[in-house]
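> Fold the following for me, if possible:
(chains A, B, C and D)
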Number of protein chains: 2
Amino acid sequence: MTDQPALVYVVDDDEAMRRSLCWLLRSVGLECREYASADAFTAAFEDTRPGCLLLDIRMPGQSGLDLLDSLSKGGAILPVLILTGHGDVPMAVRALKAGAMDFLEKPCNDQVLLDRVQEAVSEHARRLAEREVRSEARQRLDNLTARERQVAELVSRGLSNKAIARDLEISLKTVEVHRHNAMVKLKVEGAAELARLWVEAEEGA
Amino acid sequence: MTDQPALVYVVDDDEAMRRSLCWLLRSVGLECREYASADAFTAAFEDTRPGCLLLDIRMPGQSGLDLLDSLSKGGAILPVLILTGHGDVPMAVRALKAGAMDFLEKPCNDQVLLDRVQEAVSEHARRLAEREVRSEARQRLDNLTARERQVAELVSRGLSNKAIARDLEISLKTVEVHRHNAMVKLKVEGAAELARLWVEAEEGA
DNA sequence: GGAAATTTTAGGGAAAACCCTTAGTGTGGT
DNA sequence: ACCACACTAAGGGTTTTCCCTAAAATTTCC
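Coordinates of the predicted model:
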């Protein structure tokens, strides 16, 4: 997670609008890329670098709301700021419930926009860090064999080796082996750390 | 947490509207109480029984948005459905960002409204259960003495008694005592359960 | 000042966890 | 058939935790 500079994506079919937005963003030192359609953006973006998306709704081809849906369905965590000229209440409600971070109407005050962008970028950095922790945990969990995972889970729930042996109907010695192997693979020491790792990995799963 | 029936609060200064809403809600078996102002509602509601709030924005006295803010500031977890006749985009955005679960415009389709209410009630039940777990955990934690809490935290982080003794510069025997007392007070057995309890209590703190 | 609670330390024994090696069995792939 | 891997099991020793009793020093509160 090398702390890369923020990148703002601007998706709008109106070229003048894109230019103007990017000019504004670059004037405060934000890197910025333009896309004329949802598809062009989808093909290009990577959800690993802190940033956010400034998105228009009314566009030829895939609409902004559709893009918003497909982003969240695809597990993306990039914050989206809707910026539209012809918004109505149902549209705003749908966008925000679909996970948009904000819904701004053109024309929009420059400073307000920049503030929202900064908020969104911070939020994305936060989410990226969180996702990193969980995916790290889950990746280590994936390296366990079925039996090891089974034993590790029971350990994380506070059962003793003896109780686990009874539960799984295997010998105490076998449990010790699985437990030890799991601990090594997960790089944890002791039941407490294992329990924490387990909670981290399973929350929001 | 005796599983009480749902209770829907309706806050609107227009009496005809309140009546009509309550008639609709009662027709599907939902209990329902009416309030003509934000203040009347604030004085009466209790955030322990599953339900939701149907809230108008434009009212004499405290506005619906103000009520929404003061609810979330007060730590309430009651889901709020905004139902207003004169909504605009900025108002909807503000309401949703302030935590409203939905923003509906009058007149509103009956079935849509009832669906949203049911969703909101389920959501509240879910939140109540979560809050219950956390407050139980925190309450038990509050019964620990300072030293016990200190020791328990280090145990939950995976440190051995010996390591804790070094950290706190006290004897191993003392650590054992504090650890044991903490375990008894927290009603947990083993480091794993303690770690889980700790995570439960501290998350979202 | 005295009672109650907290913090501190200790001895000693039973239970559990931890660490090492060795090894038989079964399964899947080359 | 052979190899790699997972699962199983055991012996034996060290360390840590768990559980009991006992008690002194300290702090807090009335």
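
> Would you tell me what the next helix or strand after the helix or strand where A:Val117 lies is?
Here A:Val117 sits within helix A:110-142, counting by DSSP states H and E. Scanning forward in sequence from helix A:110-142 by DSSP H and E, the next helix or strand is helix A:146-156.

> can that next one be found next to DNA strand C?
No: Helix A:146-156 does not reach DNA strand C (CB under 7 Å from any atom of the strand); its nearest approach is 7.6 Å. In this view, the C-beta of every residue, glycine as well, is placed from N, C-alpha and C.

> what sits up against that helix?
A:141, A:144, A:163-164, A:167-168, A:175, A:178-179, A:181-183, A:185-186, A:191, A:194-195, A:197-199, B:192, B:196 (CB atoms under 8 Å, 6 or more residues apart in numbering or on different chains).

> swap the cut-off to 6 Å and go again
A:Ile164, A:Val175, A:His178, A:Arg179, A:Asn181, A:Ala182, A:Ala191, A:Leu194, A:Ala195, A:Trp198, B:Ala192 (CB atoms under 6 Å, 6 or more residues apart in numbering or on different chains).

> Would you mind measuring from the residue lying closest to A:Glu176 once chain neighbours are set aside to chain B?
Of all residues not flanking A:Glu176 in the chain, A:Asn161 sits nearest, at 6.0 Å (CB to CB, 6 or more residues apart in numbering or on different chains). To chain B, A:Asn161 is 11 Å away according to CB to the nearest CB, to the nearest Å.

> Based on its surroundings, how many neighbours for A:Asn161?
When neighbours are defined as other CB atoms under 10 Å in any protein chain shown, A:Asn161 has 17 of them.

> now swap in A:Asp167 and tell me
If we define neighbours as other CB under 10 Å, then A:Asp167 has 13 of them.

> Not counting sequence-adjacent ones, nearest residue to the residue sitting furthest away from the middle of chain A?
Here the centre of chain A is the reference, and by CA atoms, centre = their mean the most remote residue is A:Ser171, at 42.1 Å. Distances taken as CB to CB, 6+ apart place A:Ala165 nearest to A:Ser171, at 6.2 Å, with adjacent residues excluded.

> That neighbour contacts A:Val175, correct?
Yes: if you go by CB atoms under 6 Å, A:Ala165 and A:Val175 touch, sitting 4.8 Å apart.

> Which one of those two is surrounded by more residues?
A direct count of neighbours by other CB under 10 Å for A:Ala165 and A:Val175 places A:Val175 higher, at 24 against 19.

> so which helix or strand takes in that one?
Using DSSP H and E, A:Val175 falls in helix A:172-186.

> so does that helix get close to DNA strand D?
Yes: counting by CB under 7 Å from any atom of the strand, DNA strand D has neighbours in helix A:172-186: A:Leu172, A:Lys173, A:Thr174, A:Glu176, A:Val177, A:His178.

> Next up, the contacts around the spatially most central residue of chain A.
With distances taken as CA atoms, centre = their mean, A:Ile77 lies nearest the centre of chain A, 3.1 Å away. A:Ile77 makes contact with A:Arg127 under the criterion CB under 6 Å, 6+ apart.

> How about the one 3 residues further on?
With contacts defined as CB under 6 Å, 6+ apart, the neighbours of A:Val80 are A:Leu53, A:Leu55, A:Leu68, A:Ala100.

> Can you name the residues of chain A that neighbour DNA strand D?
Counting by CB under 7 Å from any atom of the strand, the residues of chain A that sit close to DNA strand D are A:145-148, A:168, A:170-174, A:176-178.

> Output those residues as CSV; include the columns distance to B:Pro5 and pLDDT.
Formatted as CSV, those follow (distance: CB to CB, whole Å; pLDDT from 0 to 100):
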residue, distance to B:Pro5, pLDDT
A:Thr145, 48, 94
A:Ala146, 44, 93
A:Arg147, 46, 94
A:Glu148, 46, 95
A:Leu168, 43, 95
A:Ile170, 48, 95
A:Ser171, 52, 95
A:Leu172, 50, 95
A:Lys173, 54, 96
A:Thr174, 51, 96
A:Glu176, 51, 96
A:Val177, 52, 95
A:His178, 48, 96
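
> Could you turn the buried ones of these into a PyMOL selection?
Buried members of those, defined by 16 or more other CB atoms under 10 Å in any protein chain shown, are picked up in PyMOL with:
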select buried, chain A and resi 147+148+178
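
> No further queries at this time; thank you.
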